[in-house]
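>>> Sequence plus predicted model, see below.
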Amino acid sequence: MKGPGKRILIFNVNWLGDVLFSTAAIRNIRRNFPDSFIACAVPSRCYPILKGNPHLDEILIFDEKDRHKGILAKLDFARLLKGRGFDTVFLLHRSFRRALLCRLAGISQRIGYHTKKRGFLLTEKIFMPKKDSLHRIDFYLNILEKAGLKIEDRYLEFFFSPEDEKFVDDFLKNNSVGRSDFLVALNPGGNWFPKRWPKAYWQELANKLASRFGARVVVTGSVSDIPLAREIESSIQKKPIIACGKFNLKQLGALIKRVDLFITADTGPLHIANAVGAKKIIALFGPTSAQVTGPYPLKNVTILQKDVGCKVPCYKVNCKDNRCMQAITPDEVIEQIKV
């Protein structure tokens, strides 16, 4: 594995939070190969997570469900990889297709987790740890360690620019938020329903933040979260600032770095907050395990999770009662706030 001048590809995973978890692996690969060319392939929606990462020389876009959906498009991507002359790939994703593309691209060293379907495509087979026995950070670092690389640390990284900070400063100034204001960001969305805290709880929490602490509240999220934010806003006495769809991910990172408190469920923005060193984070966990997908390190992070008798982690995306999230009350969140 060792040697100068290698051309290394990291074939990454698909979700914002997981790509953030992989930044520890990216950094440790760079430390093991300081003089090598290192590229990373990710879906376009995850590109902002890695943009500006100093440990990468190139970011390639691989959208299996969009621009690379068809067989011909996938073969074109394999030709692109072949043209880049990669000699080593770390397959953080367990996909058969990604391993096959790397084989077709002529990448001689193919390192990743062994599965029944793709084991024959790998030149270095890493045996899978027991399901949910490792934090996601360690799940990716384990591939490197078992391949003989030295692991020095395991924290996340997320980079934004001074221009992103200025955008946030201007946005807050235009909404009459001063530096002395107690600024709280609420992130009510989530990529699947069981991880979401009830809308009524967000409304109660926002009212208590304003009445007890005089907080200025900003609601974050994507464009798709605007209807939810408007519903939350409708029952809040002191109207919050609706920032859904106003920021890209880099600007969101700058905003989270700026606020005094960030409250969210287990979502990508939680891990952005952790990566940028937010002043204080309150993370609301229900069906997912903080030991597997929770923020790391836990500096300035409070995790609230209740035992309601369900197995955790639970991946029932069609769960209707949401009782694990309903068990966390707004007053319990308020109790964690010290101004």
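Yep, that arrived. Numbering: from 1, shown residues only.
>>> Might you list the low-confidence residue ranges for the stretch 1-150 of the chain?
1-4 (pLDDT under 70).
>>> can you map out the helices along it?
16-21, 23-32, 47-50, 71-84, 96-104, 136-146 (DSSP state H, counting those that start in this stretch).
>>> wait, which of the ones you listed is closest to residue 57?
With Cβ to Cβ as the criterion, residue 57 lies closest to helix 23-32 of those, at 9.5 Å. In short, each C-beta sits where N, CA and C put it, glycine included.
>>> hmm, who's touching that closest one?
1-2, 8, 10, 38, 40, 49-50, 53, 55-56, 90, 92, 137, 140-141, 143-144, 149-158, 275 (Cβ atoms under 8 Å, 6 or more residues apart in numbering).
>>> Can you pull up the most central residue in this protein?
Nearest to the geometric centre of the chain sits residue 17, at 1.7 Å (Cα atoms, centre = their mean).
>>> As a check, name the ranges of all helices in the stretch 201-339 of the chain.
Under the criterion DSSP H, counting those that start in this stretch, the stretch 201-339 of the chain contains helices at 226-233, 249-258, 268-276, 290-293, 323-326, 330-334.
>>> then the fifth one to CSV, C-alphas only?
In CSV, the C-alpha atoms belonging to helix 323-326 read as follows (Å, rounded to 0.1, in the frame of the first residue of the first chain):
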residue,chain,number,x,y,z
ARG,A,323,-43.7,7.6,20.5
CYS,A,324,-39.9,7.6,20.9
MET,A,325,-39.7,11.3,19.8
GLN,A,326,-43.0,12.3,21.6
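>>> Please identify the buried residues of that helix?
Within helix 323-326, the residues scored as buried using 16 or more other Cβ atoms under 10 Å are 324-325.
>>> For that helix, give the mean pLDDT please.
For helix 323-326, the mean pLDDT works out to 93.
>>> Could you give the separation of it from the chain centroid?
Put simply, helix 323-326 sits 23 Å off its chain's centre (Cα atoms, centre = their mean, to the nearest Å).
>>> List of residues touching it?
With contact meaning Cβ under 8 Å, 6+ apart, helix 323-326 is reached by 194-198, 201, 265, 284, 286-287, 305-306, 308, 310, 312, 314.
>>> which of these are buried?
Using 16+ other Cβ under 10 Å, the buried ones in these are 194-197, 201, 265, 284, 286-287, 305-306, 312.
>>> Could you dump those into a markdown table and include distance to residue 238 and pLDDT?
Formatted as a markdown table, the buried ones among the contacts of helix 323-326 follow (distance: Cβ to Cβ, whole Å; pLDDT from 0 to 100):
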| residue | distance to residue 238 | pLDDT |
| --- | --- | --- |
| 194 | 30 | 85 |
| 195 | 27 | 89 |
| 196 | 23 | 91 |
| 197 | 20 | 95 |
| 201 | 17 | 95 |
| 265 | 23 | 93 |
| 284 | 22 | 96 |
| 286 | 28 | 92 |
| 287 | 32 | 92 |
| 305 | 29 | 95 |
| 306 | 29 | 93 |
| 312 | 35 | 88 |
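>>> Pick the one among those residues closest to residue 336.
Distance ranking of the buried ones among the contacts of helix 323-326 against residue 336, using Cβ to Cβ, places residue 284 first at 10.6 Å.
>>> Please name the residues that touch the closest residue in space to that closest one that isn't next to it in sequence.
Leaving aside its chain neighbours, residue 284 sits nearest to residue 265 (4.8 Å; criterion: Cβ to Cβ, 6 or more residues apart in numbering). If you count contacts by Cβ under 8 Å, 6+ apart, residue 265 has them with 187-188, 190, 195-197, 283-286, 325.
>>> hmm, back to that, tell me the most buried of the helices of the stretch 201-339 of the chain?
Across the helices of the stretch 201-339 of the chain, the average number of neighbours (mean count of other Cβ atoms under 10 Å) peaks for helix 268-276, which reaches a mean of 26.
>>> I'd like to check the angle between that helix and helix 136-146, please.
Interaxial angle, helix 268-276 versus helix 136-146 (axes from the mean of the first three to the mean of the last three Cα atoms, to 10 degrees): 60 degrees.
>>> contact partners of helix 268-276?
Against helix 268-276 from outside (Cβ under 8 Å, 6+ apart): 15-17, 20-21, 23, 155-158, 160, 187, 191, 220, 249, 252-254, 256-257, 262, 264, 281, 283, 295-297, 301.
>>> Pull out the buried residues from the residues you listed.
Among the contacts of helix 268-276, those classed as buried by 16+ other Cβ under 10 Å are 15-17, 20-21, 23, 156-158, 160, 187, 220, 249, 252-254, 256-257, 262, 264, 281, 283, 295-296, 301.
>>> any chance you could map the strands in the chain?
Ranges of strands in the chain, per DSSP state E, are 7-11, 37-42, 58-61, 88-91, 109-113, 124-126, 183-187, 216-219, 241-242, 261-265, 281-284, 301-304.
>>> Mind giving me the packing neighbours of the third one?
Of the remaining helices and strands, those touching strand 58-61 by 3 or more Cβ pairs under 8 Å, 6 or more residues apart in numbering; DSSP states H and E are strand 37-42, helix 47-50.
>>> Buried residues in that strand, which are they?
59-60.
>>> Mind listing the strands it pairs with, and their directions?
Using DSSP bridges, strand 58-61 pairs in its sheet with strand 37-42 (parallel).
>>> tilt between the partner strand and helix 71-84?
With the same axes, to 10 degrees applied, the angle from strand 37-42 to helix 71-84 works out at 170 degrees.
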